[in-house]
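Colleague: Need coordinates for the following:
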Amino acid sequence: MNHDPNCIFCMIVRGDAPSLKVYEDEDCLGFMDIMPQSEGHVLVIPKRHAAQIFDVSADEAAKLIRVTHELAGAVRNAMQPDGVMLAQLNGADAGQTVFHLHFHIVPRYAGQKLALHASKMGDTETLKTHCEKIRAALHDTA
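Modeller: Alright, predicted model coming up:
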């Protein structure tokens with residue numbers, strides 16, 4: 001599997017950096033965003049390093065969106081938001097801050113403003129609780 005030794009998401013895939021994993025298979029990984037924009041914010045990445053959506057094949061992109069779809073349903077069931085926002089950014093000018101392809105699954109709650117992207121660390125215990133809830137919802141729908 002192709003990895004960038006300096007990429008934080010590649011470090012997470014290799015187990016060299018901690019993460020709260022929601023989902024994992026041979027190609028993809030889903031984990032809690034440590035700087036969540038809202039409660040229950042999950043990231044979905046390919047395990048193989050690719051900086052942007054343009055760096056993967058159509059088949060790889062399809063697999064990523066299938067996993068994102070499944071995890072978005074688990075986030076919705078676990079967190080009971082009023083809506084769910086999916087985002088995928090390509091390049092610094094689009095707002096990408098980690099240059100490893102990733103999808104954001106961001107629950108949206110009525111009356112609650114969205115936190116700025118990558119602005120504030122989440123509380124570890126809260127993130128763990130949300131991770132467990134989402135993992136349980138994923139297994140309930142499997």
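
Colleague: Run the chain-centre distance for the helix or strand hosting Thr129.
Modeller: Here Thr129 sits within helix 124-141, counting by DSSP states H and E. With Cα atoms, centre = their mean, to the nearest Å as the basis, helix 124-141 stands 13 Å off its chain's centre.

Colleague: How many neighbouring residues does the closest residue to Glu26 other than its chain neighbours have?
Modeller: Closest residue to Glu26 apart from its sequence neighbours, by Cβ to Cβ, 6 or more residues apart in numbering: Lys47 at 7.5 Å. Where C-beta positions appear, they are placed from N, C-alpha and C, glycine not excepted. Using other Cβ atoms under 10 Å, Lys47 has 19 other residues around it.

Colleague: So the residue nearest the centre of the chain, which state does it fall into?
Modeller: What sits nearest the mean C-alpha location of the chain, by Cα atoms, centre = their mean, is Leu43, with 0.5 Å. Recorded secondary structure, Leu43: strand (DSSP: H, G, I helix; E, B strand; the rest coil).

Colleague: Make sure it is actually in contact with His100.
Modeller: No: counting by Cβ atoms under 8 Å, Leu43 stays clear of His100, with 9.6 Å between them.

Colleague: Which pLDDT value goes with Thr141?
Modeller: Note on Thr141: pLDDT of 58.

Colleague: what does Leu101 give?
Modeller: 98.

Colleague: ok, now the one 3 residues further on?
Modeller: Note for His104: predicted pLDDT of 97.

Colleague: likewise Ala110?
Modeller: Listed pLDDT for Ala110 reads 96.

Colleague: What of Leu20?
Modeller: So, for Leu20, pLDDT stands at 98.

Colleague: One more: the one 3 residues further on?
Modeller: Per-residue confidence at Tyr23 stands at 98 (pLDDT).
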